[in-house]
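**Q** sequence below, structure please.
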Amino acid sequence: LQFQSGQALLESMPDEEIEKNLFLLVNLLNHGFSFIFGDNEKRVQLLTLNLKASIKAMKSSAFGSAATYLKICKHLSGDDHWHNDTALSLDVFSTLAKAEFCNGNLKEMEKCLDEIFEQNLPIKEKIDA
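**A** Okay, here's the model as predicted:
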């Protein structure tokens with residue numbers, strides 16, 4: 001029911017309203033994200049909304065919430081995410097590394113950075129992470 005409410009809001013809201021109500025919308029949608037795994041477009045849309053919510057949370061120093069949104073991003077990414085959308089994967093993992101650092105979770109930060117460094121990416125992108 002929460003997921004359906006979130007979908008209805010997402011479909012009816014203009015972009016500026018989505019931004020204003022981002023946390024409410026994402027929290028509703030996250031309650032049923034397992035329903036969208038068959039729909040790649042909706043999965044990527046929810047992943048992107050969670051990434052936006054995490055960045056907004058980071059700007060408010062809500063690092064725990066940011067990490068939660070980013071862990072959902074990782075789950076939504078799928079197995080082949082580095083090959084399907086390298087830039088999005090890099091955004092998710094580098095932002096999660098920053099959130100985990102701010103939360104004092106250095107082991108988790110290290111795991112995120114290791115994941116980035118294992119990829120066949122230009123050195124500049126690895127350094128920026």
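**Q** helix, strand or coil for the nearest residue in space to V92 that is not next to it in sequence?
**A** Nearest residue to V92, sequence neighbours excluded (C-beta to C-beta, 6 or more residues apart in numbering): C73, at 4.5 Å. No exception for glycine: its C-beta is placed from N, CA and C like everyone else's. Reduced to three states with DSSP: H, G, I helix; E, B strand; the rest coil, the structure at C73 is helix.
**Q** which ones are touching C73?
**A** Neighbouring residues of C73 by C-beta atoms under 8 Å, 6 or more residues apart in numbering: 47, 50-51, 54, 92, 96.
**Q** go with 10 Å
**A** Counting by C-beta atoms under 10 Å, 6 or more residues apart in numbering, C73 touches 46-51, 53-54, 81, 88-89, 91-93, 95-96.
**Q** need the max-distance pair from these.
**A** Across the contacts of C73, the longest distance by C-beta to C-beta is 18.4 Å; it joins A53 and H81.
**Q** higher neighbour count, these two?
**A** Applying other C-beta atoms under 10 Å to A53 and H81 shows that A53 carries more neighbours, namely 26 against 17.
**Q** can you show me the CA trace of the host helix or strand of the more buried one as PDB?
**A** Per DSSP states H and E: A53 is located in helix 40-59. Extracted C-alpha coordinates of helix 40-59, given in PDB (Å, rounded to 0.1, in the frame of the first residue of the first chain):
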ATOM      1  CA  ASN A  40      14.300  -1.800 -15.300                       C
ATOM      2  CA  GLU A  41      13.100   1.800 -15.900                       C
ATOM      3  CA  LYS A  42      11.300   2.000 -12.500                       C
ATOM      4  CA  ARG A  43      14.300   0.300 -10.800                       C
ATOM      5  CA  VAL A  44      16.700   2.900 -12.100                       C
ATOM      6  CA  GLN A  45      14.300   5.700 -11.300                       C
ATOM      7  CA  LEU A  46      14.000   4.500  -7.700                       C
ATOM      8  CA  LEU A  47      17.800   4.100  -7.500                       C
ATOM      9  CA  THR A  48      18.300   7.600  -8.800                       C
ATOM     10  CA  LEU A  49      15.700   9.000  -6.300                       C
ATOM     11  CA  ASN A  50      17.500   7.200  -3.500                       C
ATOM     12  CA  LEU A  51      20.800   8.700  -4.600                       C
ATOM     13  CA  LYS A  52      19.300  12.200  -4.600                       C
ATOM     14  CA  ALA A  53      17.800  11.600  -1.200                       C
ATOM     15  CA  SER A  54      21.200  10.500   0.100                       C
ATOM     16  CA  ILE A  55      22.900  13.600  -1.200                       C
ATOM     17  CA  LYS A  56      20.200  15.800   0.300                       C
ATOM     18  CA  ALA A  57      20.500  14.000   3.600                       C
ATOM     19  CA  MET A  58      24.300  14.400   3.500                       C
ATOM     20  CA  LYS A  59      23.900  18.100   3.100                       C
END
